[in-house]
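Trainee: give me a model of this one.
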Amino acid sequence: MTASRAAQAAREAFMGLLSHELRTPITTIYGGTRLLERPLADEARQEIVSDVRSEAERLYRLVEDLLVMTRVERGGVEIGDEPILLQRVLNSVAVVEQGRWPGLQVKLGLPPTLPAVRGDPTYVEQIVRNLLTNAAKYGGVSDPVEIVAIDDGEDVAVRVLDRGPGIDADDADHLFDLFYRGASTARTASGAGIGLFVCRALVTAMGGRMWAAPREGGGAEFGFSLPVFASDDDL
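Mentor: Numbering: from 1, shown residues only. Predicted coordinates for the structure are as follows:
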């Protein structure tokens, strides 16, 4: 198969996955709003509102990823450059994601202090959200997801560790490719194959690096590092 045909096939597969990813939340939102037109007990109404809100947030995040994907392909991602306190970002995102995924436990292994890193705070939050969503979706919620941060003086590395199906050897080199979905993850949960691509593109644009590796004892590690915002850097 030629490169152009392979790219076309990948895009067609992506459009099929995207249609599914859009249809599911839209169906929930549409059905929920129709039900809210009827007389309902407060408890039932609150449950429907919660479902609609959750699916609307899911759609919002998908659109965020699609926008970044489009900008990356056009070479036009605008990245902010300011000091970011990772402790605040990691704590905040962990609280939100535990609320989104019933049963999910996030264990934070952070040192007492971390230097600020350079980057765009909005995009750093998007990266951490994507990685936690990835861990919850494919790793499940039976085991805690761990987030560890390490400062080596020049960069701060963030590692997200799960006990999911792990990473197949054949998938390791392609996990961050656009539209790619590994064999084991494709069997476990749905997805459009753009989240990890977006994460790596944003990390790279902020001067960092990203990686994925199998975890000893089972599971996977997805991590990224960003440069420390030195005190003499221009604000």
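
Trainee: after the helix or strand of the chain with the lowest mean pLDDT, which helix or strand is next?
Mentor: Least confident helix or strand of the chain, by mean pLDDT, DSSP states H and E, is helix 183-188 with a mean of 51. Beyond helix 183-188 on the C-terminal side, the first helix or strand identified by DSSP states H and E is helix 195-205.

Trainee: quick one: mean pLDDT over that next one.
Mentor: The pLDDT scores in helix 195-205 average 90.

Trainee: could you dump stretch 144-157 to PDB, C-alpha only?
Mentor: Below are the C-alpha coordinates for stretch 144-157, written out as PDB (Å, rounded to 0.1, in the frame of the first residue of the first chain):
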ATOM      1  CA  PRO A 144      -5.100   3.500  41.700                       C
ATOM      2  CA  VAL A 145      -3.500   5.600  39.000                       C
ATOM      3  CA  GLU A 146      -0.200   7.100  40.200                       C
ATOM      4  CA  ILE A 147       1.200  10.500  39.200                       C
ATOM      5  CA  VAL A 148       4.900  11.000  40.100                       C
ATOM      6  CA  ALA A 149       6.900  14.200  39.500                       C
ATOM      7  CA  ILE A 150      10.700  14.300  39.400                       C
ATOM      8  CA  ASP A 151      12.900  17.400  39.300                       C
ATOM      9  CA  ASP A 152      16.400  16.900  37.800                       C
ATOM     10  CA  GLY A 153      17.400  20.600  37.900                       C
ATOM     11  CA  GLU A 154      16.800  21.300  34.200                       C
ATOM     12  CA  ASP A 155      13.500  19.600  33.600                       C
ATOM     13  CA  VAL A 156      10.600  18.300  35.600                       C
ATOM     14  CA  ALA A 157       9.300  14.900  34.500                       C
END
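
Trainee: how about that stretch: buried residues?
Mentor: Buried positions in stretch 144-157, judged by neighbour count with 16 or more other Cβ atoms under 10 Å: 145-149, 151, 155-157. Using the backbone N, CA and C atoms, a C-beta is placed for each residue, glycine as well.

Trainee: which ones among these map onto strands?
Mentor: Members of the buried residues of stretch 144-157 lying in strands (criterion: DSSP state E): 145-149, 151, 155-157.

Trainee: could you pull out the helices for the protein?
Mentor: 3-35, 42-74, 86-100, 121-139, 183-188, 195-205 (DSSP state H).

Trainee: list the contacts for D162?
Mentor: 135, 138-139, 143, 145-146, 215, 219-220 (Cβ atoms under 8 Å, 6 or more residues apart in numbering).

Trainee: swap the cut-off to 7 Å and go again
Mentor: Taking Cβ atoms under 7 Å, 6 or more residues apart in numbering as the contact definition, D162 lies against 135, 139, 145, 219-220.

Trainee: okay, who's weakest in those by pLDDT?
Mentor: Within the set of those, pLDDT is lowest for G139 (80).

Trainee: ok, it - contacts?
Mentor: Contacts for G139 (Cβ under 7 Å, 6+ apart) come out as 145, 162-164, 219.

Trainee: would you reformat the residues you listed as CSV and include distance to D170?
Mentor: Listed next are the contacts of G139 as CSV, based on distance: Cβ to Cβ, whole Å:
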residue, distance to D170
V145, 24
D162, 20
R163, 21
G164, 17
G219, 18
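
Trainee: where does the chain have low pLDDT?
Mentor: 1-4, 6-21, 180-193, 231-235 (pLDDT under 70).

Trainee: let's go with 50 and repeat that
Mentor: By pLDDT under 50, the low-scoring segments of the chain are 187, 234-235.
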